[in-house]
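*Asks:* Compute the structure for the input listed below.
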Amino acid sequence: MFNWDQRWDVVIGLEVHAQLQTKSKIFSGSSTAYGAEPNTQASAVDIALPGVLPVMNYEAARLAVKFGLAIGAQINQRNVFARKNYFYPDLPKGYQISQMELPIVGFGELDIDTPNGSKSIGITRAHLEEDAGKSLHEDFQGQTGIDLNRAGTPLLEIVSEPDMRSPSEAVAYLRKLHSLVRYIGICDGNMQEGSFRCDANVSVRPRGQVEYGTRTELKNINSFRFVERAMEYEIERQIDILEDGGSITQETRLYDSDKHETRSMRSKEEAHDYRYFPDPDLPPMVLEDSFLEEVRATLPELPVAKKARFETELGLSSDDADLLTADREVADFFEATLAATKAETKIVANWMSGELFANLNKSELDINASPINSQQFALLLDRIADNTLSGKTAKQVFSALWEQEEGDVDTIIEAKGLKQITDTGAIEAIVDEVVAACPEQVQQFKDGNDKVIGFLVGQVMQKSRGKANPKMANELLIKKMS
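*Replies:* Coordinates of the predicted model:
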């Protein structure tokens, strides 16, 4: 874990931009689909041709309200769009339509788990705004290309309170937020494609000081690992400067992951630098009570409630419930498997957190792309529950399913001759062989060394090529040696 000089307190607040999952942009009918050829999804509204007018996409408002309700926030039923004025090559209008004084979502909270227990992180606000275009540097020697496909894509900017006191807390909050926006279906959370981006405001102050230190903003970091590393570097940089008698400059900095350093990008602007004023082309957006109730009815079971249910109703441990509810698709897979199998809940949880997750991680796949679906997985676990397969042979069947060999679970078991031996006479014959071949271990057992039974069961499993029922083998061995 990252540690800094205990004479200093760290203060962190995050600004997260979540791209809302609408089919069209926030103020035009242009597509928001990712990956199109540059400038093929930029309409007259997006590129700010004279005389065009923005038209509000109310699906973006619905998704923003859904987020606000999920965090127990105040929803501002009258909210206003403003023009945020600045000049940058990928901002064709010379201003960005955003919200300032009256955002759609007011104060809410998100709880995170820390080594010292649960901690509430305040969410100051979440407001709607349009995205800018994108500057392209790679394919233009000494020049910059501009792609305006992203201009006008709807964003929800989620601004936290400066409540986090370490990079690990900040990452815990970011992961929880990432999970939530995907859970409620408002954002796909794809950090590589830029649909979930984070700016981190970092400052340090002498321990015990009430006033905040001067903050720097780390801009557009696109992975949990880089967010944590960038903040660690910046904290150390600021402490070094202050301990040498210097002062921190309020500025925006970029994180270079290759060199593991932050470097200055530009001086940090204040709100007044952007000269916000209400957009004259967009009237205030008023949300009726009926609209809020309609959105509330679409909320799924939230992660906290689902975790509590998995613990109380299904008897899972807190760790297992955490793991299986961190992602909505994982929770759905688990519940679909549970509904289709006779296996015990704990067995399903163990196989998901073990074999399934290990293979997904190794192949760098999300659970939606798993070669084994929940029905196949349930049938595999059924064959363990009814003693057709041992744990060892079940792993062989899992591998065959994963590699998409021909046939379902039962076909693979038959083709590979993996059916578990449960015939008492057949297992007893193998047990007799093992007892005769291992007189030293048999004597150790008789002398009170119970642990040696594991070795002897292993010998039975080896002689049966993993097909013997290990429980029956264990019982027969004890009977023979007693």
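*Asks:* C-alpha only now, for contacts and for neighbours.
*Replies:* Will do.
*Asks:* In the protein, where's the longest helix?
*Replies:* Longest helix of the chain, by residue count under DSSP state H: helix 224-243.
*Asks:* which element follows that one toward the C-terminus?
*Replies:* Downstream of helix 224-243, the next assigned helix or strand under DSSP states H and E is strand 251-256.
*Asks:* List the buried residues of that following strand.
*Replies:* Across strand 251-256, burial judged by 16 or more other CA atoms under 10 Å covers 251-255.
*Asks:* Also stretch 463-470?
*Replies:* So, applying 16+ other CA under 10 Å, buried residues of stretch 463-470: 464, 466-470.
*Asks:* for the residues you listed, which one is nearest Q41?
*Replies:* G466 (58.6 Å; CA to CA).
*Asks:* Low-confidence stretches in this structure?
*Replies:* Scanning the chain for pLDDT under 70 picks out 1-5, 267-272, 420-423.
*Asks:* Give the buried residues for the longest helix of the chain.
*Replies:* For helix 224-243, a neighbour-count test (16+ other CA under 10 Å) marks 224, 226-232, 234-235, 238-239 as buried.
*Asks:* Check stretch 346-357 too.
*Replies:* 348-349, 352, 356-357.
*Asks:* May I ask which two of those residues are separated the most?
*Replies:* V348 and F357 (12.1 Å).
*Asks:* what does the domain assignment say about the chain?
*Replies:* 8-291, 301-416, 424-481 (automatic domain parsing).
*Asks:* From the buried residues of stretch 463-470, which land in helices?
*Replies:* P470.
*Asks:* List just the nearest of the buried residues of stretch 463-470 to F445.
*Replies:* Using CA to CA, the buried residues of stretch 463-470 come closest to F445 at P470, 17.7 Å.
*Asks:* Quick check: that closest one touching S464?
*Replies:* No: between P470 and S464 there is no contact under CA atoms under 8 Å: 10.3 Å.
*Asks:* Would you mind reformatting the buried residues of helix 224-243 (as CSV) and adding columns for distance to K176 while you're at it?
*Replies:* Output for those, formatted as CSV (distance: CA to CA, whole Å):
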residue, distance to K176
F224, 11
F226, 17
V227, 14
E228, 15
R229, 18
A230, 19
M231, 18
E232, 20
E234, 23
I235, 23
Q238, 27
I239, 28
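*Asks:* any idea which of those is closest to E414?
*Replies:* Within the buried residues of helix 224-243, the smallest distance to E414 is 45.0 Å, found for F224 (CA to CA).
*Asks:* State the phi and psi torsions of A151.
*Replies:* Main-chain dihedrals, A151, degrees, to the nearest 10: phi -60, psi 120.
*Asks:* Thought E130 was touching it, still the case?
*Replies:* Yes: when contacts are counted by CA under 8 Å, A151 is listed as touching E130 (7.0 Å).
*Asks:* Looking at the two, which is more packed in?
*Replies:* A151 (27 against 22; other CA atoms under 10 Å).
*Asks:* List the contacts of the more buried one.
*Replies:* 42, 46-47, 90-91, 130-134 (CA atoms under 8 Å, 6 or more residues apart in numbering).
*Asks:* Same question for R263.
*Replies:* 253-256.
*Asks:* Go again with 7 Å.
*Replies:* By CA atoms under 7 Å, 6 or more residues apart in numbering, R263 lies in contact with 253-255.
*Asks:* Just the CA trace of the host helix or strand of A394, in CSV.
*Replies:* A394 is part of helix 391-402, with elements assigned from DSSP H and E. Extracted C-alpha coordinates of helix 391-402, given in CSV (Å, rounded to 0.1, in the frame of the first residue of the first chain):
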residue,chain,number,x,y,z
GLY,A,391,-14.0,-32.1,-8.8
LYS,A,392,-11.0,-33.1,-10.9
THR,A,393,-13.0,-34.6,-13.9
ALA,A,394,-15.4,-31.6,-13.7
LYS,A,395,-12.4,-29.3,-14.5
GLN,A,396,-11.6,-31.5,-17.5
VAL,A,397,-15.2,-31.0,-18.8
PHE,A,398,-15.0,-27.3,-18.0
SER,A,399,-11.9,-27.1,-20.2
ALA,A,400,-13.5,-28.9,-23.0
LEU,A,401,-16.5,-26.6,-22.9
TRP,A,402,-14.3,-23.5,-22.7
